[in-house]
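Colleague: turn this into a model:
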Amino acid sequence: LFPDRVRHMALDAPVDPARWQLDPVAATTDQPLSGERMLDAYLATCVEQGCPFGAGDPGAALDALVARLEAQPLEVPAANGAPAGRLDGAGVLSAARIAMFGPALW
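Modeller: Below you'll find the model as predicted:
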C-alpha cells in the first residue's frame, strides 16, 4: 500500500488484536504457555533420542533443578563483563521456555 514510505517490514510475534484489547492479561500469558508446550515437546523428544540429562527423565530433572534453585538460589559471580547475580528456579524455567523459541539455543 505504501511503496514510497516502507521499503521493508518484518512482522514478528503476531498477537490476536481482539484478545490483546479485550483481555491483555490473558494475552500476555500466551507466550509463556506456548513456551511451556514447546518445552514439554522438547523434553519428550529428548527422551526419545536418549538424551543424558536427567538419566532418562529430563522433565523430572528440570523440575528438581527448578525446585532446588527456588529453595536455594545460586550466587553467580561476575564474569566476562556480566555482573554478579542470583539464579533462582523461576529464572531457569523462564530461560528454558524462552530458549524454545530459538533452535540455536537448544
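Colleague: other SSEs contacting the longest helix seen in the chain?
Modeller: When the chain is parsed with DSSP state H, its longest helix is helix 24-49. Judged by 3 or more C-beta pairs under 8 Å, 6 or more residues apart in numbering; DSSP states H and E, the packing partners of helix 24-49 are helix 17-22, helix 58-71, helix 89-99. No exception for glycine: its C-beta is placed from N, CA and C like everyone else's.
Colleague: deepest of those helices, which one?
Modeller: helix 89-99 (a mean of 16; mean count of other C-beta atoms under 10 Å).
Colleague: what does that one contact?
Modeller: The list of residues contacting helix 89-99 from outside it, by C-beta atoms under 8 Å, 6 or more residues apart in numbering, reads 32, 35-36, 38-39, 62, 65-71, 73, 105-106.
Colleague: chain center to stretch 53-63: distance?
Modeller: 17 Å (C-alpha atoms, centre = their mean, to the nearest Å).
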